[in-house]
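Colleague: can you look at this prediction? I've put the sequence above it.
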Amino acid sequence: MKKRHRFVEFIPILLLFFVLVGYVLYPLAMTVRESLLADGEVTFSRYTEMVDPNNRASWEAVRNSVSVSLLSVLFSGAIGIFFAFVFTQFSFPLKALLARLAIIPIALPPLVGVMAFLFVFGESGILPRVGQSLLGSAPFSLDGISAIVAVHTYSFYVYFYLLVSTTLRQMDASVLEAASGLGSSPWNTFRKVILPEMKPALVGASILTFMASMASFSAPFLFGGEHRFMTLQIYASKLNGEIDTAAAQSVGLTLVSVAFFLMLKISSRTDTSATRRKGSPRLKTLEVRRGVRRMLIAGSLVVLLLEMLPIATIVLISFAKEGSWTWQILPTVYTIENYSKLLSEPHIFEPIRNSLTMGAATLIPALLVGVSAAYLVTKGRLRRGRFAIDLLVTMPFAIPGTVVAIGLILAFNSPSMFAGNATLVGTFWILPIAYFVRTYPLVVRSTVAALEQLDDSLMEAAQTFGANAIRRFRKIALPIIMPGIISGSVLCVIAALGEFVSSILLYTYSSRPISVEILSQLRTYNFGAAAAYSVFLLILILAVVALAEKVARRSSLQAGVPNF
Amino acid sequence: MATLKLESVAKEFKDTHAVRGVNLEIQSGEFFSIVGPSGCGKTTVLRLIAGFESPTTGRIFINDRDITDTRPQDRSIGMVFQNYALFPHMTVFGNVAFGLETQGVPRHEISTRVERMLNAVHLKGKADAPVPNLSGGEQQRVAVARALVVEPAVLLFDEPLSNLDVALRVQTREEIRALQRRTGITTIYVTHDQAEAMSLSDRIAVMNAGKFEQVGTPVEVYESPATLFAAEFLGGANVIAGTIDMARKQFVSGSMTMQLPPDFTPSREGNVRAAIKPESLQIVPSEHKAGVAGTVEDTEYLGFTTNFLIATDGTKLRVTAMSSEFTRSLRIGSRVGFCVDWFRCTLFPE
């Protein structure tokens, strides 16, 4: 009986191994190899060149990437924590709706968010133009570093918001009561009890935000102007045909990201917190004066409004007639032409068809690999190495999209055994492979969270009733972990539909996805068409989210749904 | 209706011997309890019988059929888990029907059998409730109903009452006993609560450090413990080391000397350990000539009875006395005397 069990486990292990080796480790190895080889000999010249104190371009990129990332952590943290407190500690009208709106940025494709910011706050954006017409000169406009930090804050505060509000909701109020019972002042309680409890959430969100900012491509790409960034350097090197330099830069960026990822893994591993036991009270509302409370609520409403503004603007611009928005504050002529073209003209519809196909081509293997990997990590009969496998399985999440693309280019620009002896570079399929590598860790992560909720004794109970392995999985495990699998799938599909960072390095004209098409419309000043594509993408994403919610509710979720 | 037999069953985990050679024969329809402190291996025995663990050595038989290598799903076992292990995504009906559905019982028969079972555990009308909405006691009864409805050959309970409050625990254990008598299913019940084990069982095994110390009826095990551990664990006995001096008919422990009754014939002489249950000690006024002197260190008034902790030179003794005018007059620090009912003590070799 034991032997059979091992054999059944062997198939997913093999699959996982193939995927990890073929699409993650092998491309990384090829990247390292490319960065070290020159005419068949090993050389460190690209690295010494990269860290040469006189190489000002290289150091400027590092400095900019790091300082933008630190600022992004700071601002995302401020907004995210603020929201978390307001939404968990106070009740006010429309709270449920507003709380849902607050997590929308996580579903927004990076390029769409950046473009929306450009429309609203950019040099020739709506708000600066309003200022100009009122005051004679634009009082502000976002560009360069400030714009990038703003976009990052907009996209990444959700990490802080979700993690901190989960902690606040789970915090055991009796611990606080105990503290005040022992004579601790409110400030002291906050410092000595609440803050340490929130530490895992704060550390986790900070690392996630830092990693995402370091890997960010779209914002520097559109707003960076003259400034250099690590991801842009890689892209530029590749476009200049210096793939060896791009490889060395990729290795450098990956080392930074993976180092932070390891920190994240290790910090979350030693996370102990006083979460609520059954029957213990929830955290009570913070007692603040009514005036302060109103101010906090008003403040969060203003922030949310600012948050919705970019999306509203994109919708508005999508109805603008081409050429009707040049120097005016708002477009002057409106039309539905942008949408009707989208559906009627085949070459305009092509990117949409591409993205849909690639989304499906990403999700199916991500589900297969992600769910079996999650099962192995949590319930597999591995004695040792569980942490190592977990690390390996989720590591692609830490590899910046630019690096994923460079690695795949180097690994699959000649026939490869991992691609059935085909050359993938230049084909359609290289894109879904990149999407898969970047997104399947999301499926792993949320399935793992769900599986951890699945009590082993449930499976044992089913076993006593004569249920075999298949029936146990289908009737007991699957319904319970389904919400986790669904939410992982949703995140995976959303990311695949709007993926831009690796696409821009891998696409060909016929395989261009929506995001790349948005960029090319933007570059030819077809703002209306770019916005229409964006809105279409947003509708697709919202449809996926809504559908998942409906399905998930039907399978009557009792297990905790992971946050993202 | 089934018999169960364990033949020198042992289970080693990586660095512990959880079960060290257990032999056991359980009669058809018997209610058998395994009682012992946490970590003694009692749950492991249960999991070996269920088939969730396979023994390192030894064989297990149901109805003389060797099931050691049979998979859990093929053993015809019902189990009630400590945490109930109810399927959270199903209703009460869904949980109870699961086993019957797995066995391919026809729909209409399932619904009648489930309904009958739910009536038996007083859950009529809760059939459509999602299980997370139930109280702890109701969940416990669903777990019992779910295990019983498939009419297993052997029913296993793993500390099923430990998550209930005291009043509910007593009520539920009476219900479990009644159900078991009515159905006549061979039952093995694991608990760390000796009162629970004694009130429910036909026979009890006292387990310690992976071994059965004693197997017998509740009366046998309680009245004549076979080992010091059994005496201490089941009866909460005081253990005093001393010497039986038959020449003087005395028990001497340190500077304390107790006279043995003239008609008392001890089971052994010389150096012994005497296991004396709290209720085999009697408190008497300090001037009483038969008594040994001591000081009240602590009292615990329980209504009908009162517990005392009496300090006498070197040792502290737990005493349970029926409450009376006299016991109520005692305070911490009061001087008292006490005597031992030697006929109800057990003597173990030093």
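Modeller: Yes, it's here.
Colleague: check contacts around residue 202.
Modeller: You didn't say which chain, so I picked chain A. By Cβ atoms under 8 Å, 6 or more residues apart in numbering or on different chains, the contact list for residue A:202 reads A:77, A:81, A:160, A:163, A:164. No exception for glycine: its C-beta is placed from N, CA and C like everyone else's.
Colleague: actually, chain B is the one I wanted.
Modeller: When contacts are taken as Cβ under 8 Å, 6+ apart, residue B:202 is in contact with B:30, B:31, B:32, B:217.
Colleague: burial check on residue A:188, number of neighbours?
Modeller: 13 (other Cβ atoms under 10 Å in any protein chain shown).
Colleague: which element follows the host helix or strand of it toward the C-terminus?
Modeller: Residue A:188 belongs to helix A:186-189 when assigned by DSSP states H and E. Next in sequence after helix A:186-189, counting helices and strands by DSSP H and E, comes helix A:195-215.
Colleague: mind checking how far the closest residue to residue B:61 other than its chain neighbours is from chain A?
Modeller: Of all residues not flanking residue B:61 in the chain, residue B:5 sits nearest, at 4.2 Å (Cβ to Cβ, 6 or more residues apart in numbering or on different chains). Distance, residue B:5 to chain A, using Cβ to the nearest Cβ, to the nearest Å: 19 Å.
Colleague: quickly list the domain ranges of chain B.
Modeller: For chain B, the structural domains run B:4-232, B:236-349, going by automatic domain parsing.
Colleague: so which of these comes closest to residue A:388?
Modeller: With distances scored as Cβ to Cβ, the stretch of the domains of chain B nearest to residue A:388 is domain B:4-232 (19.5 Å).
Colleague: pLDDT on the closest one, on average?
Modeller: Across domain B:4-232, pLDDT averages out at 92.
Colleague: beyond the helix or strand bottoming out on mean pLDDT in chain A, next helix or strand please.
Modeller: Least confident helix or strand of chain A, by mean pLDDT, DSSP states H and E, is helix A:2-19 with a mean of 68. Using DSSP H and E, the helix or strand that follows helix A:2-19 towards the C-terminus is helix A:26-36.
Colleague: can you name every helix or strand that that next one contacts?
Modeller: Helices and strands touching helix A:26-36, by 3 or more Cβ pairs under 8 Å, 6 or more residues apart in numbering or on different chains; DSSP states H and E, are helix A:45-51, helix A:243-269, helix A:401-412.
Colleague: in TSV: these, plus mean pLDDT, mean neighbour count and distance to chain B.
Modeller: Putting these into TSV (pLDDT from 0 to 100; neighbours: other Cβ atoms under 10 Å in any protein chain shown; distance: least, Cβ to the nearest Cβ, whole Å) gives the following:
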stretch	mean pLDDT	mean neighbour count	distance to chain B
helix A:45-51	82	15	46
helix A:243-269	84	19	22
helix A:401-412	89	27	37
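Colleague: and the ones you listed: which comes nearest residue A:106?
Modeller: Here helix A:401-412 is closest among the helices and strands packed on helix A:26-36 (Cβ to Cβ), at 16.4 Å.
Colleague: around chain A, which positions in chain B sit nearby?
Modeller: B:50-52, B:69, B:71-75, B:77-79, B:81, B:83, B:85, B:87-89, B:98-99, B:102-103, B:130, B:132, B:146-147, B:150, B:152 (Cβ under 8 Å from any Cβ of the partner chain).
Colleague: only whichever of those residues are buried, select them in PyMOL.
Modeller: Buried residues among the residues of chain B next to chain A (16 or more other Cβ atoms under 10 Å in any protein chain shown), as a PyMOL selection:
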select buried, chain B and resi 50+51+52+72+73+75+77+78+79+81+85+87+88+89+98+99+102+130+146+147+150+152
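Colleague: what about the residues of chain B next to chain A, which are in helices?
Modeller: When DSSP state H is applied, these are split such that B:50, B:98, B:99, B:102, B:146, B:147 fall in helices.
Colleague: do you have the helices of the stretch 101-250 of chain B handy? List them.
Modeller: For the stretch 101-250 of chain B, applying DSSP state H, counting those that start in this stretch gives helices covering B:107-120, B:136-148, B:166-183, B:194-200, B:218-223, B:228-235.
Colleague: of the ones in helices among the residues of chain B next to chain A, closest to chain A?
Modeller: residue B:99 (3.5 Å; Cβ to the nearest Cβ).
Colleague: that closest one and residue B:79, how far apart?
Modeller: 11 Å (Cβ to Cβ, to the nearest Å).
Colleague: so the residue nearest to residue B:61 sits in a strand?
Modeller: Yes. Residue B:5: assigned to a strand according to DSSP: H, G, I helix; E, B strand; the rest coil.
Colleague: near it, how many other residues are there?
Modeller: Neighbour tally, residue B:5, other Cβ under 10 Å: 17.
Colleague: now residue 315: closest residue in space that isn't a chain neighbour?
Modeller: Just so you know, I chose chain A. Nearest one to residue A:315, counting by Cβ to Cβ, 6+ apart, is residue A:535 at 5.7 Å.
Colleague: wrong one, chain B
Modeller: residue B:240 (6.2 Å).
Colleague: quickly list what the one you found is bridged to.
Modeller: Residue B:240 forms beta bridges with residue B:274, as assigned by DSSP bridges.
Colleague: what helices or strands is the helix holding residue A:188 leaning on?
Modeller: helix A:173-181.
Colleague: relative to the whole chain's centre, how far out is the helix it packs on?
Modeller: 37 Å (Cα atoms, centre = their mean, to the nearest Å).
Colleague: got the angle for that helix vs helix A:195-215?
Modeller: Counting by axes from the mean of the first three to the mean of the last three Cα atoms, to 10 degrees, helix A:173-181 lies at 120 degrees to helix A:195-215.
Colleague: using PDB, write down the CA coordinates of helix A:173-181.
Modeller: As requested, the backbone C-alpha atoms of helix A:173-181 are provided in PDB (Å, rounded to 0.1, in the frame of the first residue of the first chain):
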ATOM      1  CA  ALA A 173      -8.700  41.600  22.000                       C
ATOM      2  CA  SER A 174      -8.300  39.700  25.200                       C
ATOM      3  CA  VAL A 175      -4.600  40.200  24.900                       C
ATOM      4  CA  LEU A 176      -5.100  43.900  24.800                       C
ATOM      5  CA  GLU A 177      -7.500  43.700  27.700                       C
ATOM      6  CA  ALA A 178      -4.900  41.800  29.600                       C
ATOM      7  CA  ALA A 179      -2.400  44.500  28.900                       C
ATOM      8  CA  SER A 180      -4.600  47.300  30.100                       C
ATOM      9  CA  GLY A 181      -5.600  45.100  33.000                       C
END
